[in-house]
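Asker: kindly return the folded structure for what I paste below:
(one chain, ligands or ions: 1)
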Amino acid sequence: MTKLAYLKRSAIQSCEFRGHTMTRFSRVARSHVAHCKGCNKQAWVTEMPLPNDIMISGEAVALNCGVPLYPLSNAELRQEESLE
Ligand SMILES: [Zn+2]
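Answerer: Just a heads-up that it's a prediction; the model follows:
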């Protein structure tokens, strides 16, 4: 197995653990990206990351499926409550 295939498989396993259903990876510049068919969060794989980068990254690796990317602020929460 190549390093890239290993990284992709590791990323997909992490995403599936968090409930995502990922697409295949497509190449973007130096990296490869896949996204969740459900919530559209992304997972990135980079074979040779820059010094301030990491090989596997993305919201789909870090957050569960269905969790909003940017949680509502307190003001937005109050507004939602007043609508009910
Ligand atoms: Zn998802």
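
Asker: confirm that Gln13 sits in a helix.
Answerer: Yes. Counting by DSSP: H, G, I helix; E, B strand; the rest coil, Gln13 is found in a helix.

Asker: what's the pLDDT at it?
Answerer: In the prediction, the pLDDT value recorded for Gln13 is 97.

Asker: I'd say Cys65 and Met22 touch.
Answerer: No. Taking Cβ atoms under 8 Å as the definition, Cys65 is not a contact partner of Met22, at 10.0 Å. Placement of C-beta: from N, CA and C, glycine included.

Asker: these two: which is more packed in?
Answerer: Shown here are Cys65 and Met22; by other Cβ atoms under 10 Å, Met22 has more neighbours (21 against 16).

Asker: and the gap between that one and Leu69?
Answerer: Going from Met22 to Leu69 by Cβ to Cβ, to the nearest Å gives 16 Å.

Asker: got the contact list for the residue nearest the centre of the chain?
Answerer: Among the residues of the chain, the one closest to the centroid is Ala60, at 2.2 Å (Cα atoms, centre = their mean). Contact analysis of Ala60 by Cβ atoms under 8 Å, 6 or more residues apart in numbering lists Cys15, Arg18, His20, Met22, Ala34, His35, Cys36, Cys39, Lys41, Gln42, Ala43.

Asker: that one: which element?
Answerer: Ala60 belongs to helix 59-62 when assigned by DSSP states H and E.

Asker: still on that earlier bit, so which of the contacts of Ala60 sit within strands?
Answerer: Among those, the ones falling in strands (DSSP state E) are Ala34, His35, Gln42, Ala43.

Asker: mind listing what's buried in the helix holding Ala60?
Answerer: Buried residues in helix 59-62, counted by 16 or more other Cβ atoms under 10 Å: Glu59, Ala60, Val61.

Asker: one step back: from the ones in strands among the contacts of Ala60, keep the buried residues only.
Answerer: Those of these that meet the buried threshold are Ala34, His35, Gln42, Ala43, by 16+ other Cβ under 10 Å.
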